[in-house]
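J.: structural data only, the sequence is not supplied:
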């Protein structure tokens with residue numbers, strides 16, 4: 001059986017038993033979702049790359065130490081590790097009085113459906129992207145987190161509930177309030193978020 005057809009559990013098991021190519025397959029499988037989650041929170045490309053590497057170093061170490069218990073939620077487990085590393089980074093930075101506010105304005109919403117469009121459409125879509133990023137940043141932290149986990153990491157509401165240690169109803173409620181607040185912000189700021 002080829003590695004790309006194997007489940008997360010099979011890849012983890014084989015990696016722990018010495019097959020190093022299996023961890024590469026897992027990293028490649030979830031690279032985009034984990035990196036995007038980190039980048040959306042830290043808003044700094046170089047920092048996101050460092051934290052992404054640290055996340056998978058910790059994943060590898062934890063797997064080899066037998067700290068991962070298979071429950072079909074490998075991605076949620078990896079995102080929790082990334083989340084904790086982000087928190088640790090900011091705690092240390094705060095202690096050192098050295099939090100960087102630098103923002104590289106990376107287009108995290110880049111999408112194939114915008115390729116081959118006119119320069120005008122590209123500029124408009126870039127502005128929409130920036131507006132949406134700014135609107136999401138204005139949400140309360142719990143609402144912002146559920147938007148990021150759902151729309152940029154592709155987690156189900158069940159996975160979001162597990163990741164944030166709340167009930168599914170609470171996760172759904174946070175999403176509902178996030179959408180209500182986004183609509184209010186769009187109206188208040190009189191934004192147009194359409195290409196045409």
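T.: Arrived safely, thanks for sending. Everything numeric in this text was worked out from a predicted model, so none of it was measured. Numbers count the residues shown, from 1 in each chain.
J.: below-threshold pLDDT in this structure: ranges please.
T.: Residue ranges of the chain with pLDDT under 70: 1-4, 94-126, 193-196.
J.: domain parsing for it?
T.: Domain segmentation of the chain under automatic domain parsing yields 1-105, 107-196.
J.: in CSV: the ones you listed, plus mean neighbour count.
T.: Bear in mind the C-beta positions are built from the backbone N, C-alpha and C, glycine included. Formatted as CSV, the domains of the chain follow (neighbours: other CB atoms under 10 Å):
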stretch, mean neighbour count
domain 1-105, 15
domain 107-196, 15
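J.: look up the closest residue to the residue positioned nearest the centre of the chain, ignoring the ones flanking it.
T.: In the chain, the residue lying closest to the centroid (CA atoms, centre = their mean) is residue 37, at 1.5 Å. Leaving out its chain neighbours, the residue that sits closest to residue 37 by CB to CB, 6 or more residues apart in numbering is residue 153, at 4.9 Å.
J.: who touches the one you found in this structure?
T.: With CB atoms under 8 Å, 6 or more residues apart in numbering as the criterion, the residues that contact residue 153 are 33-34, 36-37, 75, 79.
J.: again with residue 149
T.: By CB under 8 Å, 6+ apart, residue 149 lies in contact with 37, 79, 155, 159-160, 163-164.
J.: any idea how far it lies from residue 5?
T.: 27 Å (CB to CB, to the nearest Å).
J.: check residue 174 too.
T.: Residue 174 is 35 Å from residue 5, by CB to CB.
J.: ok, now residue 54?
T.: 29 Å.
J.: so residue 18: helix, strand or coil?
T.: With DSSP: H, G, I helix; E, B strand; the rest coil as the basis, residue 18 sits in coil.
J.: coming back round to it: the contacts of residue 149 in strands, which ones?
T.: Among the contacts of residue 149, no member falls in strands (criterion: DSSP state E).
J.: closest to residue 58 among those residues?
T.: Proximity of the contacts of residue 149 to residue 58, judged by CB to CB, is greatest for residue 79, which lies at 12.2 Å.
J.: for that closest one, give me its contacts.
T.: By CB under 8 Å, 6+ apart, the residues touching residue 79 are 33-34, 37, 149, 153, 155, 163.
J.: try it again with 6 Å
T.: Residue 79 makes contacts with residue 37, as judged by CB atoms under 6 Å, 6 or more residues apart in numbering.
J.: and if you look at the one 10 residues further on?
T.: When the contact criterion is CB under 6 Å, 6+ apart, residue 89 has no partners at all.
J.: and it, what helix or strand is that in?
T.: Assigned by DSSP states H and E, residue 89 belongs to helix 74-96.
J.: one more: residue 28?
T.: For residue 28, the host element (DSSP H and E) is helix 21-42.
J.: what is that helix packed up against?
T.: For helix 21-42, the elements it packs on are helix 8-16, helix 45-64, helix 74-96, judged by 3 or more CB pairs under 6 Å, 6 or more residues apart in numbering; DSSP states H and E.
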